[in-house]
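S.K.: sequence first, then the predicted structure:
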Amino acid sequence: MPRYILVRETGSTNTYLNRLAKIFPGGTVIYTNKQTAGRGQKGNHWESEPGKNLAFSMLLKDLPVKARDQFAISQAIALAVRDTLADAGGDGFTVKWPNDIYWHDYKIAGILIENSLSGKDIAYSIVGVGVNINQEQFVSDAPNPISLKQITHSEHDLLALLHQMCECIEQTLNNLTNARAKDDLHKRYIAALYRNDGEAHPFEDAQGNRFAAVIDEVAPTGELMLRHTDGDVRTYLFKEVKHVIHDNLSI
């Protein structure tokens, strides 16, 4: 079972936990009421109103995956967060590659995973999760945030959701005991992907070129494979391509 430690204020729960990762046991969860410098993928900032949302990091040790299979961790975490939110908020939750959580075209959660490798093994992983729960106004320049309260029109118990989410993360990872389990996880991840509906959707590459493509697959190592309108399937690393989401969305 996870072990929870409340830090009333910190810059980043991932940074806090990383300093103590070697001495804390696996399953340790650092959570905070006020995160002042939350980090997203590639250094992006994560906005979180104090006392309104979930901001936590979970330490994972003795993982049942090798370093070469570390994307399985990303898939498991994303599905656990998505499933917990779907349980509380109903339909419409998806995983936007590689591991943002969306409700329709709105972002509700971000995940940052930092793996410490030891040869072919993963010494430990630190999983940082930020979820918009009870916040109703967003002041950053993030284009499309939404909270669980805005979706359900009701207040949610932060601590109960934290426990449910962390237990779901732990259970999902513990189930990865063999190749078949990893394959089943991957199939669930593909089925849960944002805009994976067999239709062509707009994308933009790192050079700013826009194009239409269909999600074809995600490689075991995490690359997104898109089928372009000319029939070619091209592979993209994270930050080499992104979804184009309509501006000026209204809730």
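M.R.: Arrived safely.
S.K.: strands of the stretch 1-150 of the chain, residue ranges please.
M.R.: All strands of the stretch 1-150 of the chain, identified by DSSP state E, counting those that start in this stretch, fall at 3-10, 28-35, 54-61, 93-96, 100-103, 106-118, 121-131.
S.K.: adding distance to H246, mean neighbour count and mean pLDDT, write those strands out as TSV.
M.R.: Glycine gets a C-beta too; all of them are placed from N, C-alpha and C. Listed next are the strands of the stretch 1-150 of the chain as TSV, based on distance: least, Cβ to Cβ, whole Å; neighbours: other Cβ atoms under 10 Å; pLDDT from 0 to 100:
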stretch	distance to H246	mean neighbour count	mean pLDDT
strand 3-10	35	14	94
strand 28-35	29	22	92
strand 54-61	27	24	97
strand 93-96	14	23	98
strand 100-103	13	24	97
strand 106-118	11	19	96
strand 121-131	23	23	97
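S.K.: may I see the buried residues of the helix or strand hosting K182?
M.R.: Counting by DSSP states H and E, the element that carries K182 is helix 179-192. Of all the residues in helix 179-192, those buried under the rule 16 or more other Cβ atoms under 10 Å are 182, 185-186, 188-190, 192.
S.K.: what's next to it, contact-wise?
M.R.: With Cβ atoms under 8 Å, 6 or more residues apart in numbering as the test, helix 179-192 has contacts from 65, 69, 72, 75-76, 78-79, 82, 94-95, 172, 175-176, 196, 217-218, 220.
S.K.: do that again at 6 Å, thanks
M.R.: With contact meaning Cβ atoms under 6 Å, 6 or more residues apart in numbering, helix 179-192 is reached by 72, 75, 79, 94-95, 175-176.
S.K.: just the buried residues out of those residues, in PyMOL syntax.
M.R.: This is how PyMOL selects the buried members of the contacts of helix 179-192, with burial counted by 16+ other Cβ under 10 Å:
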select buried, resi 72+75+79+94+95+176
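S.K.: sort out for me which of the contacts of helix 179-192 are in helices.
M.R.: 72, 75, 79 (DSSP state H).
S.K.: thinking again about what came up before, closest one of the buried residues of helix 179-192 to N53?
M.R.: Closest to N53 out of those is A192 (22.1 Å), distances taken as Cβ to Cβ.
S.K.: please read off the pLDDT at E49 from the model.
M.R.: Listed pLDDT for E49 reads 81.
S.K.: still on that earlier bit, out of the buried residues of helix 179-192, which one has the lowest pLDDT?
M.R.: K182 (94).
S.K.: okay, that one and Y189: tell me how far apart.
M.R.: 10 Å (Cβ to Cβ, to the nearest Å).
S.K.: ok, I245 next?
M.R.: Distance of I245 to Y189, given as Cβ to Cβ: 20 Å.
S.K.: identify the residues contacting Y236.
M.R.: L224.
S.K.: below-threshold pLDDT in the stretch 101-250 of the chain: ranges please.
M.R.: 141, 247-250 (pLDDT under 70).
S.K.: need the strands of the stretch 1-150 of the chain in TSV with distance to Q164, can you?
M.R.: Output for the strands of the stretch 1-150 of the chain, formatted as TSV (distance: least, Cβ to Cβ, whole Å):
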stretch	distance to Q164
strand 3-10	12
strand 28-35	12
strand 54-61	11
strand 93-96	14
strand 100-103	15
strand 106-118	14
strand 121-131	11
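S.K.: just so I know, which of those lies nearest I151?
M.R.: I151 lies closest to strand 100-103 among the strands of the stretch 1-150 of the chain, at 5.8 Å (Cβ to Cβ).
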